[in-house]
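Just to be clear, the model below is a prediction. Sequence and coordinates:
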Amino acid sequence: MAADAGLDLAKLRRSCAQCSLQVLCLPASIGVEGIERLDSIVLNRRPLQRGESLFHSGQPLGSLYVAREGAFKTLAMDGDGNQQVIGFHLPGELLGLDALGTGKHACDAQALTHANVCEVPLAQLESVAQQVPGLQHQLLRIVGQGINRDQGHIEMLGRRNAHERMAIFLHQISARYRALGRSGERFLLPMSREDIASYLGLVIETVSRTLGKMQEEGLIAVNGREITVLDASRLDAQAHDRN
């Protein structure tokens with residue numbers, strides 16, 4: 001280790017950010033040694049192509065995953081045996097938390113784009129978390145964020161108005177990009193309109209029509225999959241039913 005611990009920490013944090021592990025270490029009080037321990041247990045996986053699965057429903061939990069690049073959707077079977085999108089995971093977010101309760105995955109995770117992930121073996125992560133102050137708290141924080149997203153999805157589906165559902169969705173995506181240190185005002189939607197429709201409980205025509213109307217109202221600008229938030233305060237108000 002170099003004599004300048006501050007320089008080492010900066011270097012390690014840059015390395016951590018490049019492989020997206022900031023979701024685990026950067027917001028927590030983890031020093032150089034802690035980041036080194038965390039980095040030492042990370043396994044690199046092969047790249048995934050668009051549509052390729054990271055894990056399947058019923059598969060035993062062995063690792064958690066962080067997208068080094070690319071994004072994912074999670075799918076589950078509905079009552080009629082059809083696959084429904086139940087979540088999206090942006091670059092830098094943790095995947096695999098659905099299996100923490102039962103030890104088996106409750107959904108499929110599928111790459112939305114070409115992706116690379118860092119694999120973090122759960123048993124070794126638990127061991128490191130016992131030795132590194134701040135990591136256990138950060139893991140609980142991440143689990144709590146996942147629970148909040150699930151509750152937000154339920155709340156979203158409870159809204160009858162498609163405009164309200166879309167406002168909540170875009171507001172949440174914007175906030176998640178900001179939490180990852182990226183722009184929350186201009187961002188790409190890695191998922192298709194069809195995936196958004198499945199997630200929001202709408203049909204694809206309604207999704208396209210609603211995005212178009214929000215653009216006409218000056219709320220957002222849409223350029224393919226790129227969204228620019230033009231009126232953040234109004235989007236926030238609509239997402240929280242403060243119209």
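Looks like it came in fine. Numbering: from 1, shown residues only.

how much space between D78 and L54?
Between D78 and L54 the computed distance is 21 Å (C-beta to C-beta, to the nearest Å). From N, CA and C alone the C-beta is placed, and that goes for glycine too.

Mind checking which of those two has more residues around it?
Between D78 and L54, counted using other C-beta atoms under 10 Å, L54 has the larger neighbour count: 23 against 11.

Surely the more buried one forms part of a strand?
Yes. Counting by DSSP: H, G, I helix; E, B strand; the rest coil, L54 falls inside a strand.

Report pLDDT for the closest residue to it other than its chain neighbours.
Counting by C-beta to C-beta, 6 or more residues apart in numbering, L54 lies nearest to A109, which is 4.2 Å off, once chain neighbours are set aside. The model reports A109 with a pLDDT of 96.

now the one 10 residues further on
At E119, the pLDDT value in this model is 85.

Torsion angles phi and psi at it?
Backbone torsions for E119, taken as degrees, to the nearest 10, come to phi -100, psi 130.

That one: neighbour count?
Using other C-beta under 10 Å, the number of residues around E119 comes to 16.

Report the separation between it and R68.
10 Å.

for L235, same thing?
From L235 over to R68 the distance is 30 Å, taken as C-beta to C-beta.

element containing V207?
helix 204-216 (DSSP states H and E).

Report all helices and strands that that helix contacts.
On a contact count with 3 or more C-beta pairs under 8 Å, 6 or more residues apart in numbering; DSSP states H and E, helix 204-216 meets helix 162-179, helix 193-200, strand 220-223.

tell me the mean pLDDT for it?
97.

That one versus helix 162-179: what angle between them?
70 degrees (axes from the mean of the first three to the mean of the last three C-alpha atoms, to 10 degrees).

Can you give the strand pairings for the helix or strand where the residue nearest to L54 lies, parallel or anti for each?
Assigned by DSSP H and E, A109 falls within strand 108-111. With DSSP bridges as the test, strand 108-111 is paired with strand 53-55 (antiparallel), strand 72-77 (antiparallel).

quick one: L64 from Q110, how far?
In terms of C-beta to C-beta, L64 sits 17 Å off from Q110.

can you give me the strands for the protein?
Under the criterion DSSP state E, the chain contains strands at 43-44, 53-55, 63-69, 72-77, 83-89, 94-95, 108-111, 116-121, 186-188, 220-223, 226-229.

partners of the third one, with directions?
For strand 63-69, the pairing partners within the sheet under DSSP bridges are strand 94-95 (antiparallel), strand 116-121 (antiparallel).

Now render these as JSON lines, adding distance to Y177.
Listed next are these as JSON lines, based on distance: least, C-beta to C-beta, whole Å:
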{"stretch": "strand 94-95", "distance to Y177": "15"}
{"stretch": "strand 116-121", "distance to Y177": "19"}
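
I'd like to know which of those strands lies nearest to A175.
Among these, strand 94-95 comes nearest to A175, with 16.3 Å by C-beta to C-beta.

Could you tell me how far the closest one lies from the centre of the chain?
When distances are taken as C-alpha atoms, centre = their mean, to the nearest Å, strand 94-95 is centred 7 Å away from the chain's centroid.

What lies in contact with it?
With C-beta atoms under 8 Å, 6 or more residues apart in numbering as the test, strand 94-95 has contacts from 23-24, 54-55, 64-67, 72, 74, 89, 109, 117, 142, 146.

Using ChimeraX, define a selection of the buried residues within those residues.
Buried residues within those, by 16 or more other C-beta atoms under 10 Å, are selected in ChimeraX with:
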select :23,24,54,55,64,65,66,67,72,74,89,109,117,142,146
